[in-house]
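Q: sequence below, structure please.
(chains A and B)
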Amino acid sequence: MNTKLYEYILLLADNPLILGHRLSELCGHGPSLETDIALTNISLDLFGQVRNYFQYAAQVQGLGKSEDDIAFLRYEHEYRNVIMVEQANKDFAWVIARQFFFDAYHKPLLEQLAGSNDAQLSAIAHKSLKEVQYHHHFSSEWVKRLGDGTEESHTRMQDAINHFWPYMGELFEETALEKEMKENGTGADLVAIKPVFKSFTNEIMAEAGITVPSSEWSHSGGKKGTHSEHLGFILTELQYMQRAYPNMTW
Amino acid sequence: MKKEWPVWEVFIRSKAGLDHRHAGSIHATDARMAIENARDVYTRRQEGVSIWVVPSKEIVASDPDQSGELFEPAVDKIYRHPTFYDLPDELKHM
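A: Residues are numbered from 1 along each chain as shown, chains lettered A, B, ... in the order given. Below is the predicted model:
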């Protein structure tokens, strides 16, 4: 088994898995029928991508496990997602801010992975990119609408940006594994993605009339399995069926 | 202040179709959002390759009270349908 490739796939897939779960919580609770469907569509897009990654991870692992085993039967410290995607759906502005920052990272990430020397990762990235381009457009349009909308929407959007700001640094924190994967041509170059992320998010926030926070400090730990208190609650719900009825299928 | 977003009518052209057909309506604050919402609500199952949206308030409808004078005069003029011609047997697909 190629342990490093397996671990790297988890680093790629756990973000869309946990974010997809957060978005799925909004199914039936969106602020309007249209945004409810839009957020659920995004959630389903992300789960589709996660399935591709985990099917590949199961194959790389070679232990006869399934995508479901990898998604549902790991312990909290074995998840490799960043802490940002665990953050709660406090209000619509929070949902949009979390999505906006993640999409601004996700799109250039996939653009790089499309050129990976690992044919499977490259194929997954190509396939995911069209979906993520739409997410990227959707979330940035909403940042502009809310930021440049009413006094209340502006206040809420600014509050959400302020909340998520100190979680972004972790996206670009290069672990030893990510560095190695970058150098051997399999993985993405996070150092190169950061300026793309910065210039895009700054441009949108300027257009939205949002004050860009200046702090450089960031939470971190998720990539190494140290999560916020939210992840335990998320996994309780996410894993319930497989824990209560092992090996169940639909 | 009115809380509800304006209503838009959505027209979708399917892959095989030449014309945009009325699919339904959605709420949106502006034209761009209307296109996005229409995409999310009405093209999830590959229904379309092109979308038109029109503010519902811009649609001029015929008056139901006038339907007698508008539509009934055509009822007894069935000769306007081209069904009274004898077509040669060789002619197919008419």
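
Q: so which residues of chain A form strands?
A: For chain A, none of the segments meets the definition of strands by DSSP state E.

Q: near chain B, which residues of it show up?
A: For chain A, the residues found near chain B under the criterion C-beta under 8 Å from any C-beta of the partner chain are A:32-35, A:37-38, A:41, A:137-138, A:141, A:145. Any C-beta I mention is one placed from the backbone N, CA and C, and that applies to glycine too.

Q: for B:Val54, helix, strand, or coil?
A: For B:Val54, the assignment made with DSSP: H, G, I helix; E, B strand; the rest coil gives strand.

Q: how about it, nearest residue that isn't a chain neighbour?
A: Using C-beta to C-beta, 6 or more residues apart in numbering or on different chains and skipping residues adjacent in sequence, the residue nearest B:Val54 is B:Glu9, 4.9 Å away.

Q: surely that neighbour is in a strand?
A: Yes. B:Glu9 forms part of a strand when assessed by three-state DSSP.

Q: quick one on the thing from earlier: just the buried members of the residues of chain A next to chain B?
A: A residue is treated as buried here by neighbour count (16 or more other C-beta atoms under 10 Å in any protein chain shown); on that basis the buried members of these are A:34-35, A:37-38, A:41, A:138, A:141, A:145.

Q: out of the residues you listed, name the ones that lie in helices.
A: Cross-referencing these against helices under DSSP state H gives A:34-35, A:37-38, A:41, A:138, A:141, A:145.

Q: now, the most widely separated pair of the residues you listed?
A: Distances among those were taken as C-beta to C-beta; the most separated pair is A:Asn41 and A:Arg145, at 18.2 Å.

Q: how about the residues of chain B near chain A?
A: B:5, B:26-29, B:32-33, B:36-37, B:40-41, B:44.

Q: for the residue nearest to A:Glu78 when sequence neighbours are not counted, give me its contacts.
A: The spatially closest residue to A:Glu78, leaving aside those adjacent along the chain, is A:Gly225, at 6.2 Å (C-beta to C-beta, 6+ apart). Applying C-beta atoms under 8 Å, 6 or more residues apart in numbering or on different chains to A:Gly225 gives the contacts A:76-80.

Q: ok, the closest residue to A:Phe197 other than its chain neighbours to chain B distance?
A: Beyond its immediate neighbours in the sequence, the residue positioned closest to A:Phe197 (C-beta to C-beta, 6+ apart) is A:Ala104, lying 5.0 Å away. Relative to chain B, A:Ala104 is positioned 18 Å away (C-beta to the nearest C-beta, to the nearest Å).
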